[in-house]
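Trainee: Predicted structure and sequence below. I'll ask about it afterward.
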Amino acid sequence: MNKENIISSGLLELYAMGLTSPEETLQVEESIKQYPEVKQELGAIEISLESYAQSYSKEPPAFIKDKIISQIKNNDNKNIQSDFYNTNSAKEPSVQKIYRIPLFLKFAAAAIIILLIGSIILNYSYYSKYKNATNELQVAQQKIKENQQANTTMKNELNVVSDKNALPVVLKGTPHAPDALAKIYWMKNTGEVYVDPTNLPATPEGKQYQLWAIIDGKPVSGGMITTEKGMYHIQKMKSFGNVQAFAITLEKAGGSPTPTMDQMYVIAKI
């Protein structure tokens with residue numbers, strides 16, 4: 001047991017009042033030798049218990065004091081006479097003194113232990129509440145962050161849709177995917193291209209949509225469209241100047257250098 005556990009366990013209080021078992025006594029004494037902090041803590045406990053005992057002590061009446069002194073003198077006289085007549089006899093083994101712990105000290109020890117247990121329970125309760133509150137705060141902060149990101153995305157999409165220079169182009173489904181639909185916002189003044197893939201079918205695992213711009217009759221990749229976790233938002237793609245048409249194909253994740261024609265989902269001429 002380390003010094004922190006010895007100090008917080010209540011063994012020092014029991015040791016100071018003589019209530020520890022032989023094993024506990026040995027454990028405390030070894031800790032006192034090993035850790036100066038434990039020795040210092042024990043000294044503070046002994047001083048505290050002594051002050052507590054003195055605060056409840058009362059001086060006995062004078063007649064009790066005289067009676068005790070008289071009894072001591074009588075005992076001394078008997079011992080002297082006994083020694084005189086038994087000088088040659090073998091000495092009897094000394095009787096081991098029995099120390100009794102005052103009742104109030106036992107109550108004090110019990111009170112200290114109860115307070116210690118109560119303090120541990122109270123601290124654990126406060127720690128649990130603090131931990132729960134911290135977790136709830138982190139969850140709330142994460143939700144706030146997600147809401148802020150969603151608001152920013154919505155604001156950006158609104159700016160694209162409402163831009164006076166935006167030319168909306170509706171890409172309709174091909175025979176391969178007749179119900180598919182997508183929309184392009186092509187900025188006439190800058191050539192910037194934004195795609196809205198909201199009405200495209202969900203992509204199979206390992207597949208990804210790719211935008212193509214038809215320029216001078218040749219397909220040029222406009223970039224990969226992100227639809228992770230079902231999130232379909234207006235996304236900025238590569239910018240183009242002169243474009244004859246736009247198309248979207250389903251390719252392997254990461255894209256393809258050339259479009260897979262039998263996987264074309266939507267197309268529109270400008």
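Mentor: That came through fine. All of these numbers come straight from a predicted model, not from anything done at the bench. Numbers count the residues shown, from 1 in each chain.
Trainee: pLDDT-wise, which helix or strand of this structure ranks last?
Mentor: Least confident helix or strand of the chain, by mean pLDDT, DSSP states H and E, is helix 62-85 with a mean of 54.
Trainee: ok now whichever helix or strand comes after that helix, how far from the chain's centre?
Mentor: Sequence order places helix 103-162 as the next helix or strand after helix 62-85, per DSSP states H and E. Averaging C-alpha positions (CA atoms, centre = their mean, to the nearest Å) puts helix 103-162 9 Å from its chain's average.
Trainee: by contact count, what packs against helix 103-162?
Mentor: Applying 3 or more CB pairs under 8 Å, 6 or more residues apart in numbering; DSSP states H and E, we find helix 103-162 packed against helix 11-16, helix 36-56. All C-beta atoms are positioned from the backbone trio N, CA, C, and that covers glycine.
Trainee: and these as TSV, adding mean neighbour count and mean pLDDT?
Mentor: Output for the helices and strands packed on helix 103-162, formatted as TSV (neighbours: other CB atoms under 10 Å; pLDDT from 0 to 100):
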stretch	mean neighbour count	mean pLDDT
helix 11-16	21	80
helix 36-56	13	77
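Trainee: Would you mind saying which of those helices lies nearest G217?
Mentor: Checking these against G217 by CB to CB gives helix 36-56 as the closest, at 86.2 Å.
Trainee: so what does the closest one touch, helix or strand wise?
Mentor: helix 3-9, helix 11-16, helix 22-34, helix 103-162.
Trainee: And for the closest residue in space to T258 that isn't next to it in sequence, the neighbour number?
Mentor: Excluding the flanking residues, the one nearest T258 by CB to CB, 6 or more residues apart in numbering is P219, at 7.0 Å. Neighbourhood size, P219 [other CB atoms under 10 Å]: 17.
Trainee: Give me the local confidence score for P219.
Mentor: For P219, the model assigns a pLDDT of 95.
Trainee: Which element, helix or strand, includes it?
Mentor: Assigned by DSSP H and E, P219 belongs to strand 218-225.
Trainee: So in that sheet, which strands flank whatever helix or strand comes next after that strand, and in what orientation?
Mentor: The helix or strand immediately downstream of strand 218-225 is strand 235-236, counting by DSSP H and E. Strand pairing for strand 235-236, determined by DSSP bridges: strand 193-196 (antiparallel).
Trainee: If you average the pLDDT over the next helix or strand after the partner strand, what comes out?
Mentor: Downstream of strand 193-196, the first helix or strand assigned by DSSP H and E is strand 207-215. Averaged over strand 207-215, pLDDT sits at 95.
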